[in-house]
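A.B. asks: pasting the sequence and the predicted model now:
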Amino acid sequence: MATEAKPAVASAEYYLIKKDDMENFMERCMLAAGAKPDHAKSLASCLIAGDYRGHFSHGLNRLGIHYFYSNLNSFS
């Protein structure tokens with residue numbers, strides 16, 4: 001499943017994480033929040049696309065917001 005992250009540079013401050021591993025993490029987070037599997041997969045795909053295209057304000061950093069609101073609302 002997920003592989004251990006390896007430092008991208010000599011400093012331990014930066015890590016490279018495979019795109020698929022990050023997308024899988026996002027999906028699992030939303031499943032844990034109660035999202036339906038197809039919704040979790042779709043959201044993860046959209047968020048990873050934002051990061052991949054360089055729109056970091058619309059990628060992983062939005063996951064917490066979606067997770068928080070998923071606990072207030074139903075994904076039905």
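C.D. replies: Yep, it's here. None of the values given here were measured: they were computed from a predicted structure.
A.B. asks: flag the shaky bits of the chain, pLDDT-wise.
C.D. replies: 1-12, 73-76 (pLDDT under 70).
A.B. asks: using the three-state scheme, assign the residue nearest in space to the middle of it.
C.D. replies: Centroid check for the chain by Cα atoms, centre = their mean gives M26 as the closest residue, at 2.9 Å. Applying DSSP: H, G, I helix; E, B strand; the rest coil to M26 yields a three-state assignment of helix.
A.B. asks: that one is in contact with K41, isn't it?
C.D. replies: No. In this structure, M26 is not within contact of K41 by Cβ atoms under 8 Å, at 9.3 Å. Where C-beta positions appear, they are placed from N, C-alpha and C, glycine not excepted.
A.B. asks: ranges for the helices of the chain?
C.D. replies: 19-32, 37-52, 63-70 (DSSP state H).
A.B. asks: how about those in JSON lines, adding distance to E13?
C.D. replies: Shown next, in JSON lines, are the helices of the chain (distance: least, Cβ to Cβ, whole Å):
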{"stretch": "helix 19-32", "distance to E13": "18"}
{"stretch": "helix 37-52", "distance to E13": "19"}
{"stretch": "helix 63-70", "distance to E13": "21"}
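A.B. asks: isn't R62 right up against C46?
C.D. replies: No. Between R62 and C46 there is no contact under Cβ under 8 Å: 9.1 Å.
A.B. asks: which one of the two is surrounded by more residues?
C.D. replies: R62 (17 against 14; other Cβ atoms under 10 Å).
A.B. asks: how about the contacts made by the more buried one?
C.D. replies: Residues near R62 by Cβ atoms under 8 Å, 6 or more residues apart in numbering: 47, 50.
A.B. asks: what's the separation between it and H55?
C.D. replies: 10 Å (Cβ to Cβ, to the nearest Å).
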